[in-house]
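In: compute the structure for the input listed below.
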Amino acid sequence: MMASRNVLRSVHEEARDQTRQLAGTPQFATSRNERKKVEMLFAHLKTTLRFERMRLRGLTGARDEFHLVAMVQNLRRMARLTAAAAA
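Out: From the prediction side, this is the model:
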């Protein structure tokens, strides 16, 4: 008797196939560009502002901490834009 070989297919492969079909569309490119804008803000929070983890506990603490960090990011951006406009 000859041993058979099986090629396993992930249970998520159908969703991956659909995503691969959509990847070449103009709507996908627009979505990717919009996502990149948001992802870059989070990357900036992690790298420049060293916001790797939440230090306060609970949902309200985490929300308050994130709001403070977002305000710092917005103030830095406003300062940079104001300085550029004055120059």
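
In: using the three-state scheme, assign Lys36.
Out: At Lys36 the chain is in helix, as set by DSSP: H, G, I helix; E, B strand; the rest coil.

In: equivalent analysis for Phe51, please.
Out: Phe51 - assigned by three-state DSSP - is coil.

In: now do it: how many residues are near it, please.
Out: Neighbour count of Phe51, defined by other C-beta atoms under 10 Å: 19. In this view, the C-beta of every residue, glycine as well, is placed from N, C-alpha and C.

In: I figured it hits His44, correct?
Out: No - using C-beta atoms under 8 Å, Phe51 is not in contact with His44; the gap is 9.1 Å.

In: and Arg55, what element?
Out: Of the helices and strands defined by DSSP states H and E, none includes Arg55.

In: what is the helix or strand where Ala70 lies packed up against?
Out: Counting by DSSP H and E, the element that carries Ala70 is helix 58-86. When contacts are defined as 3 or more C-beta pairs under 8 Å, 6 or more residues apart in numbering; DSSP states H and E, helix 58-86 packs onto helix 26-47.

In: got the angle for the helix it packs on vs helix 58-86?
Out: Helix 26-47 runs at 100 degrees relative to helix 58-86, counting by axes from the mean of the first three to the mean of the last three C-alpha atoms, to 10 degrees.

In: buried set for helix 26-47?
Out: Buried positions in helix 26-47, judged by neighbour count with 16 or more other C-beta atoms under 10 Å: Leu45.

In: ditto for stretch 60-75
Out: Buried, per 16+ other C-beta under 10 Å, within stretch 60-75: Glu65, Gln73.

In: mean confidence for it?
Out: In this model, stretch 60-75 has an average pLDDT of 94.

In: contact partners for Leu56?
Out: The contact partners of Leu56, by C-beta atoms under 8 Å, 6 or more residues apart in numbering, come to Ala62, Asp64, Glu65.
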